[in-house]
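In: let me see the structure of the following:
(one chain, ligands or ions: 1)
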Amino acid sequence: MGTEDTTVIMKTGDHSLVLSLGPSAQRRSCLIVYSGAETGKRYVLDGRATTIGRLADMGVFIDHPSVSRRHAELELAGDVMMIRDLGSANGTWVNDIRLPAPQALKDGDLIRLGKVFLKYYEQENLDVLLHDRIYRMATVDAGTEIFNRQYLVEFLKGEFKLAKLTGRPLSVVYYDLDFFKSVNDNYGHGAGDQVLKESAGVIKTVVRKDDLLGRLGGEEFVVVLPNTVLAVAAELAERMRAAVEAHDFVLAFQTQLGRRSVTHRQTISLGVAQLGEPMQESPELLEAADAALYRAKRGGRNRVDH
Ligand SMILES: Nc1nc2c(ncn2[C@@H]2O[C@H](COP(=O)(O)OP(=O)(O)OP(=O)(O)O)[C@@H](O)[C@H]2O)c(=O)[nH]1
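Out: Alright, predicted model coming up:
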């Protein structure tokens, strides 16, 4: 491929799908997961050794019983990406042939670890970008442009397992918009949707690189904070609360006299919890944060509880 950008625009109903291949994005090799809960997920390979396996701290983590804890490894040797099996129970297969020894991968090779398929791409191409787009559609909430419930719950499950395994702390912030029904009632559902999306945008400015913000449903949201103790999570939650409280929401709405706009102030209530020793499953952590959120609501709203 030359150095020029290639842009393809596909129309899919109301959504314009813009796939752009820029010169800077050409040589990033990657793996795309083709089966299971992670279907469509792309792992960019940075040239360092990448281990694939069922242990939560693997470079490529595949939570499937047919995959060994440390199953296979990919590493760049000069310009060539090599794959080798790490003594897995069910073998590593490339294009339907079980690997007898380390092997060089070619663009488009189909890798199978146990029952899980992955595809190797040497560089970004339209296939890769289309996968990204489909993956995004499956994992991002269209109304707020943050992660959807399914992705959030899966991410939390993975982080919970990892925290249990490593002993590292894990906290969550569970928040809910205050008196949100009255926004819909006073200004209409469209204005309500705007407040949901804009408030998520405000929260995004507070969350850190490794935190994950997702919409659990309706006007309920969760931030997962890996490697974070309760006191730090509570501090971040307080910053989220203050950021939303300080934000001006300019809402346009229809009245009998025509279109009007209003500057609306929205508050949120937040509950914070940290993974505790007796917790066995990730929903227990969410329940603890939800209980704290309930106390924040009972305590007067626009506040953080833990
Ligand atoms: N516009 C809009 N409204 C939504 C959406 N999802 C849920 N809602 C509304 O969110 C409101 C939630 O109201 P309630 O559960 O009574 O809570 P609240 O008014 O926020 O009051 P508190 O939580 O007690 O402070 C309901 O009116 C729902 O219709 C959405 O996607 N868009």
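
In: for residue 56, which non-adjacent residue is closest in space?
Out: residue 162 (3.9 Å; Cβ to Cβ, 6 or more residues apart in numbering). Bear in mind the C-beta positions are built from the backbone N, C-alpha and C, glycine included.

In: A helix includes that neighbour, no?
Out: Yes. According to DSSP: H, G, I helix; E, B strand; the rest coil, residue 162 belongs to a helix.

In: who touches it in this structure?
Out: Under the criterion of Cβ atoms under 8 Å, 6 or more residues apart in numbering, the contact list for residue 162 reads 56, 57, 168, 170, 226.

In: among those, which are in strands?
Out: Residues of the contacts of residue 162 located in strands (DSSP state E): 170, 226.

In: and the contacts of residue 162, which two are furthest apart?
Out: The largest separation in the contacts of residue 162, counting by Cβ to Cβ, is between 57 and 170 at 13.4 Å.

In: and the two? Which one has more around it.
Out: Legend: neighbour count by other Cβ atoms under 10 Å for residue 57 and residue 170, higher for residue 170 (25 against 12).

In: mind checking the SS state of residue 176?
Out: Using three-state DSSP, the structure places residue 176 in strand.

In: what's the closest non-adjacent residue to it?
Out: Closest to residue 176 by Cβ to Cβ, 6+ apart is residue 220, at 5.0 Å.

In: who are the contact partners of that neighbour?
Out: So residue 220 contacts 174, 175, 176 (Cβ under 8 Å, 6+ apart).

In: what distance do you get for the last one to the ligand?
Out: Look at residue 176 and the ligand: by Cβ to the nearest ligand atom, to the nearest Å, they are 5 Å apart.

In: can you show me the helices along the stretch 101-250 of the chain?
Out: Along the stretch 101-250 of the chain, the stretches classed as helices by DSSP state H, counting those that start in this stretch are 126-139, 149-166, 180-187, 189-204, 230-246.

In: and the residue of this protein that's closest to the ligand?
Out: Scanning the chain for the residue nearest the ligand gives residue 192, at 2.6 Å (criterion: Cβ to the nearest ligand atom).

In: mind checking how far that residue is from residue 287?
Out: To residue 287, residue 192 is 27 Å away according to Cβ to Cβ, to the nearest Å.

In: ok, those two, which is more surrounded?
Out: For residue 192 versus residue 287, neighbours defined as other Cβ under 10 Å are more numerous around residue 192 (20 against 14).

In: count of neighbours near the residue nearest to the more buried one when sequence neighbours are not counted?
Out: Computed as Cβ to Cβ, 6+ apart, the closest residue to residue 192 that is not its neighbour in sequence is residue 184, at 4.1 Å. Using other Cβ under 10 Å, residue 184 is surrounded by 15 other residues.

In: residue 276 too?
Out: 10.

In: let me see the contact set for it.
Out: In this structure, residue 276 makes contact with residue 288, judged by Cβ under 8 Å, 6+ apart.

In: which of the three states applies to it?
Out: coil.

In: how about the backbone phi and psi for it?
Out: Residue 276 adopts backbone torsions of phi -110, psi 160, taken as degrees, to the nearest 10.

In: what's the distance between it and residue 288?
Out: The value you get for residue 276 to residue 288, if Cβ to Cβ is used, is 7 Å.

In: name the residues of the stretch 201-306 of the chain found near the ligand, please.
Out: 218, 219, 297, 301 (Cβ under 6 Å from any ligand atom).
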